[in-house]
Every structure is written in structure tokens, then in C-alpha cells.
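A.B. asks: A predicted structure for the sequence below; I have some questions about it.
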Amino acid sequence: MSSTDFIPDCANCTALCCIAFAFDKGEHFAHGKDAGEPCKNLNHHLCSIHSDLDKRGYSGCTAYTCLGAGQRVTAMFGQSWQDQPKLTAPIINAFRTMKDIQELRQLLEASASLSLPAIQSGERTAWLDALSGNWTRESLDQFDRNRTSASIRMWLRGLAAYLPR
């Protein structure tokens, strides 16, 4: 695994972040939208104001990263939610799950910098192995996102004793 595993590739994504999440009008978003609703600035798979996001009040968009989940899910489905509207809900669900997986993988990778005892190091490797497979639509559907995320995050909190002081 390399650090490039977490770099978004918007050119190979179908603007999943622009549909999957809700946001409220405020300091970071010039308008609000519901989850599952395409952003009003979306023009097919491209943001029509991408070069001016901050100036137009969308600093939340510039701060966001999918950690590479978008291109993975787009490749997995092989078609766009815009071209196949019936796939919108499954694509959004897969994207949210893959985003969580990528966040957890990144946190586990960061924990490699700690001097962990063999038991914790082995547990870390086991968690990474569980999250670093060839994900498919079916395996994402079967993945227990909430339970796994809670378990890993609790395990990570337990590493506080190994943080440099």
C-alpha cells in the first residue's frame, strides 16, 4: 500500500461527493442540499465553478477529500448514476462505505509510526488485511461498516499509551 492509495482522482470519478452528502448553507457552503441530491453546480461529472470554489463560498468542497473512494466506486460500477439513475442509491451507499474504509485504512497506516508491541502490531496488520481487499459491490454490501468502524476506532484509541510524550 502506498500513500497514493488515498489520493482522489476526480477525472475517474462520477462526482460522487457532489451527490452523496448533505450540506447546509453557511460559512462553508453557499447553498444547502440534501444527501442524494446533486449539487446545483454540477455539470454532468464536473463542477461548473471548480476554479472559483473558495471565492463563491464553497470552502467545504475544497477542504473535502474522498481519500480515493470516488474513483474506486466509479470503477466498481462501471457506469454513472447520471446515466443509470436506478443505480444512484447503491452507488451512494457503496461510496459512503468505501470512504469509511479509506479513512480507517489511513488511520491504521498512520499508526505504523508508533512503536507498538507485537500483539498490537499484529492486530493492526489484521485490521489492514481485512480492509485492503479487492472490494466488489457485493462485498461492500455485506461489510458491517458501523461495527467494524467502531471496533477499529476503539482499538486506535487504545494506542494512546504508545504516543510519544
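C.D. replies: Looks like it arrived, so ask away.

A.B. asks: how much space between the residue nearest to the spatial centre of the chain and residue 17?
C.D. replies: Nearest to the mean C-alpha position of the chain, by Cα atoms, centre = their mean, lies residue 99 at 2.0 Å. For residue 99, the distance to residue 17 equals 9 Å [Cβ to Cβ, to the nearest Å]. For glycine as for every other residue, the C-beta is placed from the backbone atoms N, C-alpha and C.

A.B. asks: hey, what's in contact with both of those two?
C.D. replies: Counting by Cβ atoms under 8 Å, 6 or more residues apart in numbering, the residues touching both residue 99 and residue 17 are residue 66.

A.B. asks: immediately after the longest helix seen in the chain, which helix or strand?
C.D. replies: Taking DSSP state H as the criterion, the chain has its longest helix at helix 88-110. Later in the chain than helix 88-110, the nearest helix or strand by DSSP states H and E is helix 118-131.

A.B. asks: how about that next one as CSV, C-alpha atoms only?
C.D. replies: Extracted C-alpha coordinates of helix 118-131, given in CSV (Å, rounded to 0.1, in the frame of the first residue of the first chain):
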residue,chain,number,x,y,z
ALA,A,118,4.0,-7.4,18.8
ILE,A,119,0.4,-8.1,19.8
GLN,A,120,-0.9,-4.6,18.7
SER,A,121,1.3,-4.7,15.6
GLY,A,122,-0.3,-8.0,14.6
GLU,A,123,-3.8,-6.6,15.3
ARG,A,124,-3.0,-3.6,13.2
THR,A,125,-1.9,-5.8,10.3
ALA,A,126,-5.0,-8.0,10.7
TRP,A,127,-7.3,-4.9,10.5
LEU,A,128,-5.4,-3.6,7.4
ASP,A,129,-5.7,-7.0,5.8
ALA,A,130,-9.4,-7.0,6.4
LEU,A,131,-9.8,-3.6,4.8
